[in-house]
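Asker: predicted coordinates and the sequence they were generated for:
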There are 2 protein chains.
Amino acid sequence: MKLSFNKDNLMNGINIVLKAVSSKTTMPILECILIDATSNEIKLTGNDMELGIETKVEGMILERGKIALDAKLLSDIIRKLSGDESLITIESDEKFNTVITCEKSVFKIQGKDGEEFSYIPHIERDNYICLSQFTLKEVIRQTLFSTSPNDSNKMMTGELIEVNDNILKVVSLDGHRMSIRKVILKDQYHDIKVIVPGKTLGEISKILNGDNESEVLIFFTSNHIMFEFDDTVVVSRLIEGEYFRINQMLSSDYDTKVTVNRREFMDSIERASILIRENDKKPIIINITDEGMELKLNSAFGTMNAEINITKFGKDLMIGFNPKFLVDALRIIDDEEVTLYMMNPKSPCFIKDEEENYIYLILPVNFNAASI
Amino acid sequence: MKLSFNKDNLMNGINIVLKAVSSKTTMPILECILIDATSNEIKLTGNDMELGIETKVEGMILERGKIALDAKLLSDIIRKLSGDESLITIESDEKFNTVITCEKSVFKIQGKDGEEFSYIPHIERDNYICLSQFTLKEVIRQTLFSTSPNDSNKMMTGELIEVNDNILKVVSLDGHRMSIRKVILKDQYHDIKVIVPGKTLGEISKILNGDNESEVLIFFTSNHIMFEFDDTVVVSRLIEGEYFRINQMLSSDYDTKVTVNRREFMDSIERASILIRENDKKPIIINITDEGMELKLNSAFGTMNAEINITKFGKDLMIGFNPKFLVDALRIIDDEEVTLYMMNPKSPCFIKDEEENYIYLILPVNFNAASI
């Protein structure tokens, strides 16, 4: 095999497929990137068996073939080679000895047989939806934070993706809070309900250019989800099982409704969090009266008090939260003002807009009234 | 005590003295910053007993007094308070309860008695030199990398600062390499020869604004060095003992002299270093002939070869180096071209300019000729 590339093109391709390369594995072939130039185009593939990414790279095929190269080594070498416009040649022989040349620098590394590499699975293209890269990237950003990265409950590590007619609903929850985002699609589709690993969504979101004009096609099978955009295909296994019954957790009743400037509310909570060191579980206590909202936090390091102007409907309320959970939700909302709906100090608080395009549910925490 | 500050001024002052606050100590008072407003000015001090920094901060003294506050907590709180122009009030009572107020946010923290805090030692102002902040910052940058941060040989953790007439010489060495920088001062001074802890120089270099117009006064006593610049005073203990006899290590003889483009030489060595993983001691082998310079590196991951154009005087030579040591020296030289002076594969290589404003000595390493 002998190929030549523009450094910039090759580096972009490597960075994309690198997201699916396993770093902890006992199978060295999974630490490789496959360079496949057996046909008329050059494809790079990374595959850790859960997540597989394939992308096309522009380049010249001087001799057809394929080779698997250690991903970290390949990416380090290409990154360090001269300027972005430099011409890079990759050449390998039948013993998989590989020579990477750029100007007067020559690297010789040992590759592996491309035949040993697992291609990404073939996916039927029957069941799909279409949305913009921008929307997909936003939806992931606005929900991924409330998955639980390493939970014994596998369901909490993923997100529910549900399609009904022209409505896409994305849900994540970790036992303390839940995020729901609703998006209106341009077309009507078949009903879909799958659970996608959070890791897959996180990696995809890093690859998406986030352009409003570029589209993503998402294909669904009973075991896999496939994302197709630009010159890239991402295939991931689904999480098997039944997702939580989220409708039972939702309620539109409230006794206290508060509208507040998002930035000011978030900044105050973040400031109070200075007084909390790791593993210290101090709640932020919110006291809502007709005079406004008072925030209090009490820790071994000191106390913080802040006052914030609000628009209030309904009863007075004193309620405590894990400050991190409030900040996580407030940070990803784009609106200038947010509205909180609460019932009592034991019931969940809902932060949502009027159209319910977003709903963030946060469970309150107990606080010792004497310590206030 | 009651003081008010502009957030920006206070934050700058805290960031300066924070460099001398101990993070690992059994004495909580050493983790504090002293705010002293007993006279007509407000001074902040940090002091870990090796290094002490005092700086003046602009502010209003509403009530005189002093207080020691936990440095991390104070700096976190001030950083998170509203905009740069915000007014911050710090007020403490006779029990050292301290209230920090900014707009509608109020922090209450427990301070400590300022009397328990150790002031920085008084330094005689007899023996001194004067140079620009720019020059001092540059000299530190160009020598500090070849100190040994945690060496059993305390001398290697410091730098020699020597003044003769109008010449300042700064030297550091770690057993594998040595850096010497020579600076012509504007005035003549008494002879000085002290060893300054590398940590002190590193912290000072972070505080210096690096301005060519601003001056630094450096005062010397038998046990201490004091730097005075802007509104800041830094005092550090010296390292006791006799420095290495560096003149014995220097030589102006050579059999091979090579001039090379610094950037190209450095980039090639850095590229080759991709093939080295931590703790892997593979030399870069440099083969100098009339045809040019060839670089080679051989490791378990592969081999790299690069060719570089040079101007050569004297004999052919094949010599090996720790690639990191070459890159460290090449990175901090500003010249476009550098000249290497070598004798044989066992003798030190000197990288220096004609005026010997800088001299970098690097010991070669053995390599197995068979493995090339």
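Answerer: Yes, it's here.
Asker: get me the contact residues on the stretch 251-372 of chain A for chain B.
Answerer: Neighbours of chain B within the stretch 251-372 of chain A, by C-beta under 8 Å from any C-beta of the partner chain: A:267-268, A:270-271, A:274-275, A:301-308. Any C-beta I mention is one placed from the backbone N, CA and C, and that applies to glycine too.
Asker: dig out what the residue of the stretch 1-150 of chain A found nearest chain B forms beta bridges with.
Answerer: Scanning the stretch 1-150 of chain A for the residue nearest chain B gives residue A:109, at 3.5 Å (criterion: C-beta to the nearest C-beta). For residue A:109, the beta-bridge partners under DSSP bridges are residue A:98, residue B:302.
Asker: got the domain ranges for chain A?
Answerer: A:1-111, A:126-244, A:249-360 (the TED database).
Asker: out of the ones you listed, which comes closest to residue B:338?
Answerer: domain A:1-111 (18.5 Å; C-beta to C-beta).
Asker: kindly check the end-to-end length of the closest one for me.
Answerer: This stretch, domain A:1-111, spans 12 Å end to end (C-alpha to C-alpha, to the nearest Å).
Asker: thinking again about what came up before, tell me the one among the residues of the stretch 251-372 of chain A next to chain B nearest to chain B.
Answerer: residue A:302 (3.5 Å).
Asker: now do the same for that closest one: its pLDDT.
Answerer: Here the pLDDT value assigned to residue A:302 is 94.
Asker: next: residue A:102.
Answerer: 91.
Asker: what sits against it?
Answerer: Shown in contact with residue A:102 (C-beta atoms under 8 Å, 6 or more residues apart in numbering or on different chains): A:7, A:81, A:82, A:86, A:87, A:88, A:89.
Asker: shaky segments in chain A?
Answerer: A:369-372 (pLDDT under 70).
Asker: which residue, other than its chain neighbours, is closest to the residue nearest the centre of it?
Answerer: Against the mean C-alpha coordinate of chain A, by C-alpha atoms, centre = their mean, the closest residue is residue A:202 at 2.6 Å. Spatial nearest neighbour of residue A:202, chain neighbours left out: residue A:144 (5.9 Å); criterion: C-beta to C-beta, 6 or more residues apart in numbering or on different chains.
Asker: tell me the spacing between the one you found and residue B:231.
Answerer: 47 Å (C-beta to C-beta, to the nearest Å).
Asker: also residue A:265?
Answerer: With C-beta to C-beta as the criterion, residue A:265 and residue B:231 are 38 Å apart.
Asker: next: residue A:205.
Answerer: Using C-beta to C-beta, residue A:205 is found at 47 Å from residue B:231.
Asker: ranges for the helices of chain A?
Answerer: In chain A, the helices defined using DSSP state H lie at A:7-17, A:71-80, A:133-141, A:198-207, A:262-272, A:323-332.
Asker: got those as CSV, with distance to residue A:153 columns?
Answerer: Putting the helices of chain A into CSV (distance: least, C-beta to C-beta, whole Å) gives the following:
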stretch, distance to residue A:153
helix A:7-17, 30
helix A:71-80, 31
helix A:133-141, 21
helix A:198-207, 12
helix A:262-272, 28
helix A:323-332, 18
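Asker: chain B contacts on the stretch 1-150 of chain A?
Answerer: A:70, A:73, A:76-77, A:80-82, A:104-110.
Asker: out of those, which is most surrounded?
Answerer: Among those, the one with the most neighbours (other C-beta atoms under 10 Å in any protein chain shown) is residue A:107, at 27 neighbours.
Asker: residue contacts, the closest residue to residue A:277 other than its chain neighbours?
Answerer: Once flanking residues are discounted, residue A:277 sits nearest to residue A:301: 7.5 Å by C-beta to C-beta, 6+ apart. Residue A:301 is in contact with A:275, A:277, B:70, B:73, B:109, counting by C-beta under 8 Å, 6+ apart.
Asker: state the distance from the fourth one to residue B:99.
Answerer: When C-beta to C-beta is applied, the distance between residue B:73 and residue B:99 equals 13 Å.
Asker: again with the second one
Answerer: Taking C-beta to C-beta as the measure, residue A:277 falls 21 Å from residue B:99.
Asker: between these two, which one's more packed in?
Answerer: residue B:99 (17 against 13).
Asker: any idea how far the closest residue to that one other than its chain neighbours is from residue B:106?
Answerer: Leaving aside its chain neighbours, residue B:99 sits nearest to residue B:91 (4.9 Å; criterion: C-beta to C-beta, 6+ apart). Using C-beta to C-beta, residue B:91 is found at 10 Å from residue B:106.
Asker: residue A:266 now?
Answerer: Taken as C-beta to C-beta, the span from residue A:266 to residue B:106 is 18 Å.
Asker: contacting residues around residue A:55?
Answerer: A:13, A:16, A:17, A:43, A:44, A:230, A:231, A:232, A:233.
Asker: need the domains of chain A in TSV with distance to residue B:186, can you?
Answerer: Putting the domains of chain A into TSV (distance: least, C-beta to C-beta, whole Å) gives the following:
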stretch	distance to residue B:186
domain A:1-111	42
domain A:126-244	54
domain A:249-360	47
